[in-house]
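Student: please find the sequence and the predicted model below.
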Amino acid sequence: MTPRSLFLSLPLLALAATAPSQVPFRVVPVANNAGDVKLVGDLDLDGTVDLVLGGSPQEGLYWYQYPLWTATRIATPAVEFTTDGELGDVDGDGDLDIVVPDGPSGNNLLWFENPKRRPTGGGGDPFVGSQWTRHVLGALGSWGKDVELADFDRDGLLDVATRTSGLAQLWFQEPGNTWTQVALTQNNLGREGLASGDLDADGDADLVLFGVWRRNPGGVDARNPALWTVHGIDALHVDADFKALCADVDGDGRTDVLYSSSENSADVAWYSHGGNPTGTWQRHVIVTAADRAHTLQVADIDGDGDADVVVGHMHTSSTPGVRIYYNRNGLGTAWQTQLVDGTNGVHNGVVADLGADGDFELVGANWTGHPPLNVWENLLPATEEILGVQSLIPAVSSTIRVTNCTPNSIVVCWITAAGTTSPYPTGLGTTFDLANPVILAFAASGANGVVDFAITPVPVMSRRTIWFQSMEIGRKSNVVARRVQ
């Protein structure tokens, strides 16, 4: 769809701070079960995301089918499935398999083959636990702390990165379900934490470790650990027990890095590099002294087109529960906090769009032995438009996208530099929240309920804030505030 173009020329009015409505959630119990391993993915290929939970021999390894949470026990561990795992198509047959550690010794890195599809054709029944085939991937040498999946050498086969408290390893898949193990030596790994992402934008997956990142040399060179060069991110502030995540926080198209402390108290912060990831990284604090923030996720929770941060604290934290930090200017420098749940702690929580309805939920439980498994369901109104705005750069066209519109309806885009006010009626079956909107644009949504607009801020608006809201008969959108760069 071709965006409708708006050229912005707003009077320089007094700017007011805004606090858009927070997203309503409800806690939905899934199972009276727990475990360290929490994963999300479409295991039965029905178009909706399912849940995986793994823990002690009593807790087992289960998957729960959306939406009724039908439980299937896949396996029982020799010791305990912990502390992390990943879903990925290990055998290349088009369904999601499970990679998970089991205990501290022996051949304790495993993967379970999803029977939905077979590499040789045909398929089985993922609801029959005995049809999930157990495969040994290798020996970690200790408790597996973190697992990441990617095709690190770009040979078309999915590989695995792991870490224990003292060793980071790469496991390269060979034809015939065999694996080659490579150790990444490093002077100080901390005690736990690992993430992967393409930090240098060269098309392959790099690794984030304790205050540093390791650059993947790519191709066959990825199998040579000496070529994984070390580059600093932060040598001072990262806790040795850390959670790490790769995501584009500020919407500039570059991969940023986030850190929290999983077992202690430390700031939740994200780091940007300005285009040179091998140089200096800039630290941006989201929240100070977050205690035992063992869940660190990024998703557009409020549907405004930017990256929000979800932080979950374990039940042993001084501040247990779930908090969302809304990215209010899209640049990652202005955050609004929502306490979603101050009662239920969460360990290794994950975010996913469970109902395929365009919004994101949190899935989690406390660590092994501390049920239940919960979903924090996002209750954004189905009758409310969802408006998202790209980062605003002077003299550059940015897209305004409105989703969840009535199909083939007239949608109105309003913009102001005067902030928000108390909701007032429009006479079109809804209320409105913008003060003194000065530009109006009409467009028809498509059959999919989506409409795009485009806006080009004039240079004089640099470092000023613009508020956006859309409306149609009977429904309106959230308010989005964007600061022009």
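Tutor: Thanks, I have it.

Student: C-alpha only now, for contacts and for neighbours.
Tutor: Will do.

Student: hey, which helix or strand in the chain has the poorest pLDDT?
Tutor: When the helices and strands of the chain are compared on mean pLDDT, DSSP states H and E, strand 4-8 comes out lowest with a mean of 45.

Student: give the pairing partners of whatever helix or strand comes next after that one; include direction for each.
Tutor: Next along the chain after strand 4-8, taking DSSP states H and E as the criterion, comes strand 25-31. Within its sheet, strand 25-31 is paired with strand 373-378 (antiparallel), according to DSSP bridges.

Student: and the strands in the stretch 1-150 of the chain, which stretches?
Tutor: Ranges of strands in the stretch 1-150 of the chain, per DSSP state E, counting those that start in this stretch, are 4-8, 25-31, 37-41, 50-54, 61-65, 70-75, 86-88, 97-101, 109-113, 133-138, 146-150.

Student: quick one: which of those strands is nearest Ser409?
Tutor: Closest to Ser409 of those, according to CA to CA: strand 4-8, at 15.0 Å.

Student: in a markdown table, list the strands of the stretch 1-150 of the chain along with mean neighbour count and distance to Asp353.
Tutor: Output for the strands of the stretch 1-150 of the chain, formatted as a markdown table (neighbours: other CA atoms under 10 Å; distance: least, CA to CA, whole Å):
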| stretch | mean neighbour count | distance to Asp353 |
| --- | --- | --- |
| strand 4-8 | 16 | 29 |
| strand 25-31 | 16 | 13 |
| strand 37-41 | 24 | 9 |
| strand 50-54 | 27 | 10 |
| strand 61-65 | 23 | 14 |
| strand 70-75 | 18 | 18 |
| strand 86-88 | 21 | 16 |
| strand 97-101 | 25 | 19 |
| strand 109-113 | 22 | 24 |
| strand 133-138 | 17 | 28 |
| strand 146-150 | 22 | 20 |
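
Student: please render these as TSV that adds distance to Ala168 to the earlier fields.
Tutor: Shown next, in TSV, are the strands of the stretch 1-150 of the chain (distance: least, CA to CA, whole Å):
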stretch	distance to Ala168
strand 4-8	50
strand 25-31	33
strand 37-41	19
strand 50-54	22
strand 61-65	25
strand 70-75	26
strand 86-88	16
strand 97-101	14
strand 109-113	13
strand 133-138	14
strand 146-150	9
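
Student: Pro381: which of the ones you listed is closest?
Tutor: If you check each of these against Pro381 by CA to CA, strand 25-31 wins as the nearest, at 10.9 Å.

Student: list the contacts of the residue lying closest to Val230 once chain neighbours are set aside.
Tutor: Nearest residue to Val230, sequence neighbours excluded (CA to CA, 6 or more residues apart in numbering): Arg214, at 4.7 Å. Residues in contact with Arg214 (CA atoms under 8 Å, 6 or more residues apart in numbering) are 206-208, 228-231.

Student: return the subset of these lying in strands.
Tutor: Those of the contacts of Arg214 mapping onto strands are 206-208, 229-231, per DSSP state E.

Student: could you dump these to TSV with pLDDT?
Tutor: Output for those, formatted as TSV (pLDDT from 0 to 100):
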residue	pLDDT
Asp206	98
Leu207	98
Val208	98
Thr229	97
Val230	97
His231	98
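
Student: neighbour count added to the residues you listed, as CSV?
Tutor: What follows is the ones in strands among the contacts of Arg214, written out as CSV (neighbours: other CA atoms under 10 Å):
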residue, neighbour count
Asp206, 24
Leu207, 22
Val208, 26
Thr229, 12
Val230, 17
His231, 16
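
Student: okay, these in TSV with distance to Val99 next?
Tutor: Formatted as TSV, these follow (distance: CA to CA, whole Å):
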residue	distance to Val99
Asp206	19
Leu207	18
Val208	20
Thr229	27
Val230	27
His231	28
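
Student: neighbours around Glu472, how many?
Tutor: The number of residues packed near Glu472 is 21, by other CA atoms under 10 Å.

Student: skipping adjacent residues, who's closest to Thr295 in space?
Tutor: Gly312 (4.5 Å).

Student: the nearest residue to Asp200 once chain neighbours are set aside and Asp256: what is the separation?
Tutor: Sequence neighbours aside, Pro277 is the residue nearest to Asp200 in space, at 6.1 Å (criterion: CA to CA, 6+ apart). According to CA to CA, to the nearest Å, Pro277 and Asp256 sit 9 Å apart.

Student: okay, and the common contacts of these two?
Tutor: Contact with both Pro277 and Asp256 is made by residues Leu199, according to CA under 8 Å, 6+ apart.

Student: so which of the two has more stuff around it?
Tutor: Asp256 (24 against 20).

Student: for beta bridges, what are the partners of Asp97?
Tutor: According to DSSP bridges, the residues that bridge with Asp97 are Gly88.

Student: so it versus Ile74, what's the distance?
Tutor: Distance, Asp97 to Ile74, using CA to CA: 11 Å.

Student: need the residue closest to the centroid of this structure.
Tutor: Val298 (3.7 Å; CA atoms, centre = their mean).

Student: just the element for it, please.
Tutor: Assigned by DSSP H and E, Val298 belongs to strand 295-299.

Student: contacting residues around that strand?
Tutor: The contact list for strand 295-299, computed with CA under 8 Å, 6+ apart, reads 243-245, 247, 259-260, 262, 306-313, 346-351, 360.

Student: of these, grab the buried ones for PyMOL.
Tutor: PyMOL command restricting the contacts of strand 295-299 to the buried ones, with burial defined by 16 or more other CA atoms under 10 Å:
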select buried, resi 243+244+245+247+259+260+262+306+307+308+309+310+311+312+313+346+347+348+349+350+351+360
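
Student: mind checking which of the contacts of strand 295-299 are in strands?
Tutor: In strands, judged by DSSP E, the following of the contacts of strand 295-299 are found: 243-245, 247, 259-260, 308-313, 347-351.

Student: partner strands of the strand holding Val298, parallel or antiparallel?
Tutor: Assessed with DSSP bridges, strand 295-299 is paired to strand 308-313 (antiparallel).

Student: contacting residues around the strand it pairs with?
Tutor: 249, 291-301, 319-327, 345-347, 349.
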